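1. Whatever this is, show me its structure:
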Amino acid sequence: MHRKGLKQLIYGFILLLILSLIAWAFYLMFLQSAPTCSDGKRNQDEVEIDCGGPSCSECELNRVQAIRTFPALALSSPDSKLSSLLIQLQNPNANYGANPLTYTVNLYGADGGVIFTNTTDTFIYPSETTYRIEPNIPVVGGLVSRSEIIIRDQQWVRRADFAALKTQIRDVRSEYDDAKKQTIVTGVLKNDNPFIVSKAVVGVILYGDTGSLAGVSKTLIDGLQPFEERPFSVIVPVTGISASSSIAEPKVFIEAKR
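-> Predicted structure coming up:
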């Protein structure tokens, strides 16, 4: 190759390199997408891909497990015109609660059609198994062929910012009224926190001595002062039980939020 041709080849290569560098700089400045927490790349000081660091959510959130649901139980009232629903939710995550937590309950009739649907906003603490009672829904329990609970949305909150409140129940007593087919459950709820509990729901679940569901109900307590003790009374309509001896000890639970 002649010397002149070699120089032209070198100059051409240098020119091509300069043009490539200019094009690359133009791409970086004007065309490249800004790093995000969903671009599938570990950038912007992320700890793992698309998580951690100053900009993205904590990596542990990528490993949280879904809230577990169980079939809702519909229990007809004594007059059979209304029902009460018992819903059970379980949070398998030790370090995260959900607040708010939105779920929809659907009840289906014998023909497979939806005969009742309702969407509710609630919450659940870390590692909590909890119950929710929805009373007086316009459905006859015997017409429900199946049920489902669908988690619509949840906002995860670390345990340090959303730990279960300290409450206790004592002096629980129950008295069955055969004439009215109901059980009255009484007791005392104590707020063991140094702050006001704005709302506390005392829920009661009654089972027959064979394990069948016999009744559910709840009552609301507002503005429980720090370390206050307050009596409660819950009237629970009873279905399918012929005598007080057929009712097991009531299961009482608390749904309390600051």
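
2. Is Ala256 in a helix, a strand, or coil?
-> Per DSSP: H, G, I helix; E, B strand; the rest coil, the secondary structure class of Ala256 is strand.

3. ok, it to Phe123 distance?
-> Counting by Cβ to Cβ, to the nearest Å, the separation of Ala256 from Phe123 is 10 Å. Any C-beta I mention is one placed from the backbone N, CA and C, and that applies to glycine too.

4. likewise Leu82?
-> 26 Å.

5. what's the answer for Phe13, then?
-> 66 Å.

6. Which one's more surrounded, those two?
-> Phe123 (19 against 10; other Cβ atoms under 10 Å).

7. Could you give the number of residues near the closest residue to Phe195 other than its chain neighbours?
-> Spatially, and ignoring its direct neighbours in sequence, Phe195 is nearest to Pro226 (5.8 Å; Cβ to Cβ, 6 or more residues apart in numbering). Per other Cβ under 10 Å, the neighbour tally for Pro226 reads 11.

8. What of Arg42?
-> Neighbour count of Arg42, defined by other Cβ under 10 Å: 15.

9. Stretch 90-103: which residues count as buried?
-> Judged by neighbour count using 16 or more other Cβ atoms under 10 Å, the buried positions of stretch 90-103 are 91, 93, 95-99, 101, 103.

10. Oops, could you answer that again for stretch 191-202 instead?
-> Of the residues in stretch 191-202, 191, 193, 197, 200-202 count as buried by neighbour count, 16+ other Cβ under 10 Å.

11. Contacts for that stretch next, please.
-> Stretch 191-202 has contacts (Cβ atoms under 8 Å, 6 or more residues apart in numbering) with 165-169, 187, 189, 218-229, 232, 234, 252-258.

12. Would you map the strands across the chain?
-> Using DSSP state E, the strands of the chain run over 68-69, 73-76, 83-90, 96-108, 114-124, 129-137, 146-158, 167-177, 182-191, 197-207, 213-224, 229-237, 251-257.

13. ok, of these, where does mean pLDDT dip lowest?
-> Lowest mean pLDDT of the strands of the chain: strand 73-76, a mean of 85.
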